[in-house]
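1. Got a sequence here, can you build the structure:
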Amino acid sequence: MGVEPQLRGRRILVTGAGGFLGPPVVEALEVEGARVVALVGPPDAFARSPAGAARLARADICDVRAVEELVTGSEVVVHLAGPSSVAASFEQPAEYARVHVQGTATLLEACRARGVPRVVHVSSAEVYGRPRTVPVPEDHPLGARSPYGAAKIGAEKLVEAYVRAHGLTAVVLRLFSVYGPGAAPRSLIPSIVSMVRTTGEVLLRDLRPIRDYCFVSDVARAVVLACAARTSALEVLNVGTMAGTSVEEVAALVLSELGLPGRPRQSGARDRPGQSEIYELVADNRRAGEVLGWRPEVSLREGLRRFLREG
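-> Numbers count the residues shown, from 1 in each chain. Below you'll find the predicted structure:
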């Protein structure tokens, strides 16, 4: 990856290390020579065990004492913690606000108190809501349409405040639709694959939404680069491919890769309020190229093939 000299021997805390993105990030940092402390999640919650971590820990992200202890001695904190389901956020808005907003505040205050100089905060393209322009640039107005998106805006604003008030250096990465091995079973691509393998058919609630699908290893590489890059005090960067693909097209690609006939069908069922739907969300990723030297490397077709082999 070419960033080893900057990260070799550096202590990096990764929160949310037991989720979907955590293990690939931990592994990518370990390959670059970092000493990773992996906060996998709260006690007794299900979590994956990332390979390559120097230490595994469990704590609630809002536990002030535990978080302060974990950040101590860290040179960078990568903040991934928090649930990411848009649909589930309508069922648990208070919990999403607690983990994403209060949890981020707890982490940032611990970083301030223990002198951690740099945070890589992983946010979401959901902060844009329904964008006025496609692809959407980082300076587009924010307009969440879900409790998840709103909580992510709150967390971003806390990061911004700590940069301005306390001299913290931060990179905010707004991820678009991340997919790959280890993704949540209820997310789109695992759901499609499960349907196809179970019934040979695909029935989805809405085939129209267009998203920017970015493979998990490409996203992990963006996180590693954000840990090492020399940046201004606050950088906000989109992480996506700059290519939009509809739900229908994704489902058709899965059927094609499995050599099955048929076309995906639409049920019209809803799992969230109708006005919350975002019909097109595609990244303008040029700023990430300029600041981090990052480009996506895995095409959607190749990423689907890897998921079908490993997911």
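
2. Quick check: next helix or strand after the strand or helix carrying residue 164?
-> Using DSSP states H and E, residue 164 falls within helix 147-166. The helix or strand immediately downstream of helix 147-166 is strand 169-175, counting by DSSP H and E.

3. Can you pull out the residues in contact with that following strand?
-> 117-125, 127-128, 138, 156, 159-160, 162-163, 214, 219, 222-223, 226, 229, 231, 233-240, 283 (C-beta atoms under 8 Å, 6 or more residues apart in numbering). The C-beta positions use only the backbone N, C-alpha and C, and glycine is treated the same way.

4. Next secondary structure after that strand?
-> Immediately after strand 169-175, counting by DSSP H and E, sits strand 177-179.

5. Give me the contacts around the next helix or strand after that following strand.
-> Later in the chain than strand 177-179, the nearest helix or strand by DSSP H and E is helix 188-199. For helix 188-199, contacts defined as C-beta under 8 Å, 6+ apart pick out 177, 179, 183-185, 201-204, 213, 247, 250-251, 254-255, 258, 260, 264, 304, 307-308, 311.

6. Following the chain past helix 188-199, name the next helix or strand.
-> strand 203-204.

7. Can you give the distance of that next one from its chain's centre?
-> 25 Å (C-alpha atoms, centre = their mean, to the nearest Å).

8. Tell me which strands it pairs with, and in which orientation.
-> strand 265-266 (parallel) (DSSP bridges).

9. measure the residue lying farthest from the centre of the chain to residue 243 for me?
-> The C-alpha centroid of the chain is most remote from residue 261, which lies 32.9 Å away (C-alpha atoms, centre = their mean). With distances taken as C-beta to C-beta, to the nearest Å, residue 261 is found 26 Å from residue 243.

10. Then residue 288?
-> 14 Å.

11. Kindly report the same for residue 40.
-> Residue 40 is 33 Å from residue 243, by C-beta to C-beta.

12. Who has more neighbours out of these two?
-> Neighbour tally, residue 40 and residue 243, criterion other C-beta atoms under 10 Å: the higher count belongs to residue 40, 25 against 17.

13. Please tell me how far residue 48 sits from residue 40.
-> Distance from residue 48 to residue 40, by C-beta to C-beta: 7 Å.

14. Overlap of the contact sets of those two?
-> What both residue 48 and residue 40 touch, as defined by C-beta under 8 Å, 6+ apart, is the set 18, 22.

15. Pull out the buried residues from stretch 260-272.
-> Using 16 or more other C-beta atoms under 10 Å as the test for burial, stretch 260-272 gives 264, 272.

16. That'll do, ta.
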